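Q: based on what follows, work out the 3D shape:
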Amino acid sequence: MNYFPREKYLRRIRGFYHSGNLIKVITGIRRCGKSTLMETIAEELKREGIDDAHIIFLDLDQRKYRRIRTADQLEDLITSHLQADGMNYLFLDEIQNVSGFEEVVNGFREDGNCSIFITGSNTYLLNGELATKLTGRYLEFELYTLTFDEYEQMKSFYGILPDSNPMVELQHFILEGGFPRAVLIPALEDKRSYARSVVEEIFEKDIRRHVKIRNRESFESIRQYLINNFGTTTSISNLYQDLRRHGQTVSRQTLTRYIEALIDAKVLYPCDRFDLKSRRSLSGEKKYYIGDLAFYFALNTDNQIHYGPVLENIIYFYARSLGYAVSIGRIGKLECDFILRDPQLSYAYVQVAYTIALSEETENREYCPLEQIRDNYPKYVVTTDYLLQRRNGIHHVNLIDFMKEEQHF
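A: Predicted coordinates for the structure are as follows:
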């Protein structure tokens, strides 16, 4: 099959295709495209001249491997496929299905004739023995659902015509979400049914198997509350009080455990606050962004787009997909939507808004926090405006054009 290449991830991994001493761990929320990314890597290896016999792809979710559940069974399965001559390229999909897989993977890594790629749908993969036993011997590549630029590229790749109006196309992306499979589903309601099925699959396979959920109703209330309030400053104390007011009586300990389960399953991504004056992270309040916007619209009857948190969610994952670490900035009483740090430890500051064209007050609200930052790192106001402002060296950019051109901050 001709797969859409997720180039922004492939170019990070290519330098390690032939590294037998490093395990390549691909993580990400269910159905974000991890298996397809590995298939794409395998196809690229074939184009390099690696023969099929040396490319071993084992999807441990497939029915034919349903009995492969122990380390010994996994070792025997892999051994039966290995070629004695040359480098083997071993792809293990949904590896967390096998108990004790860590020592098996490490053993084949130590043999030196395997370049190993593994996937898991959640961070349980890296919370176990793999992380403790293989420190410095693996690299994690986190995959997200499609960003807007990838959404447009994938539609073009499969011959799906975008709307001629960029703003309408952005609305389509917001309402449909970025699950790759959903792009190929024509009807919006069917796309939402697919997103709901992903939510259920995450609960059954990534949460309930690993966390004791004594009261599913309480868990779903917490999940729904956080999804409905994504992009809003939240603390455990405030959430605890809000749930009590709505008749949900869960302990703080249970509340914390359920939130951690949603984070581990990559339904939620926490974004911490950082004080720009003291240069320290702030404990307590933080924002949570959702792994895909489809979760909000699939689990609610509301079609109204609240552009503030929606556009923040889009920029948050766009920045993460480019390798930035992301936090929220506080400058005295003012707040900067995002502080971005790239792998070279350079910074950028970003304000996100639907528009600043409504009034001088609206413009000032977005520019003032950036004008308070006393360093020379680049600063951005990102909006959907096409008439762009010039003010104090701050970059005002159009969100749609910026992402479609895959620009970096």
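Q: domain-wise, how is the chain divided?
A: With domains defined by automatic domain parsing, the chain comprises 7-142, 148-268+294-302.
Q: test my guess that Ile13 contacts Phe141.
A: Yes - contact status for Ile13 versus Phe141: in contact at 5.7 Å, counting by C-beta atoms under 8 Å. Using the backbone N, CA and C atoms, a C-beta is placed for each residue, glycine as well.
Q: what do those two both touch?
A: Common neighbours of Ile13 and Phe141, using C-beta atoms under 8 Å, 6 or more residues apart in numbering, are Lys24.
Q: rewinding a little: how about CSV for the domains of the chain, with mean pLDDT and distance to Asp385 added?
A: Shown next, in CSV, are those (pLDDT from 0 to 100; distance: least, C-beta to C-beta, whole Å):
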stretch, mean pLDDT, distance to Asp385
domain 7-142, 90, 26
domain 148-268+294-302, 90, 11
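Q: so for Ser346, which of those sits nearest?
A: Minimum separation from Ser346 across the domains of the chain (C-beta to C-beta) falls at domain 7-142, 17.6 Å.
Q: now the end-to-end length of the closest one.
A: End-to-end distance of domain 7-142: 14 Å, with C-alpha to C-alpha, to the nearest Å as the criterion.
Q: and stretch 348-361, by the same measure?
A: With C-alpha to C-alpha applied, stretch 348-361 spans 24 Å between its terminal residues.
Q: cool, stretch 199-219 as well?
A: 13 Å.
Q: what do you get for stretch 43-61?
A: This stretch, stretch 43-61, spans 21 Å end to end (C-alpha to C-alpha).
Q: can you list contacts of it?
A: Residues outside stretch 43-61 that contact it (C-beta under 8 Å, 6+ apart): 3, 10, 14, 17, 35, 38-39, 42, 65, 68, 77-78, 81-83, 86-95, 97-98.
Q: which of the residues you listed are buried?
A: Buried residues within the contacts of stretch 43-61, defined by neighbour count using 16 or more other C-beta atoms under 10 Å: 17, 35, 38-39, 42, 65, 68, 77-78, 87-95, 97-98.
Q: restricted to helices, list those residues.
A: Within the buried ones among the contacts of stretch 43-61, residues falling in helices by DSSP state H are 35, 38-39, 42, 77-78.
Q: format those residues as CSV; extra columns: distance to His210.
A: Listed next are those as CSV, based on distance: C-beta to C-beta, whole Å:
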residue, distance to His210
Ser35, 21
Met38, 23
Glu39, 27
Ala42, 29
Leu77, 24
Ile78, 25
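Q: show me the strands in the stretch 201-350 of the chain, by range?
A: Using DSSP state E, counting those that start in this stretch, the strands found in the stretch 201-350 of the chain span residues 268-275, 280-290, 325-331, 334-341, 347-352.
Q: give me the neighbour count for Gly15.
A: Residues lying near Gly15 (other C-beta atoms under 10 Å) number 8.
Q: again, but for Glu406
A: Residues near Glu406, counting by other C-beta under 10 Å: 15.
Q: nearest residue to it in space, please, no chain neighbours.
A: Excluding the flanking residues, the one nearest Glu406 by C-beta to C-beta, 6 or more residues apart in numbering is Asp149, at 5.4 Å.
Q: ok, that neighbour to Phe219 distance?
A: 34 Å (C-beta to C-beta, to the nearest Å).
Q: neighbour count winner among the two?
A: Set side by side, Asp149 and Phe219 show more neighbours around Phe219, with 22 against 18, by other C-beta under 10 Å.
Q: how about that one, what does it touch?
A: 213, 258.
Q: what about it, distance to Thr234?
A: For Phe219, the distance to Thr234 - C-beta to C-beta - is 17 Å.
Q: same deal with Gln304?
A: 21 Å.
Q: residues contacting the helix or strand containing Asn106, please?
A: Assigned by DSSP states H and E, Asn106 belongs to helix 101-111. Helix 101-111 is contacted from outside by 20-23, 71, 74-75, 78, 90, 92, 95, 98, 114, 116, 118, 128-130, 133-134, 137, using C-beta under 8 Å, 6+ apart.
Q: just the buried ones from those residues?
A: Burial by neighbour count, 16+ other C-beta under 10 Å: within those this picks out 20, 23, 71, 74-75, 78, 90, 92, 95, 98, 114, 116, 118, 130, 134.
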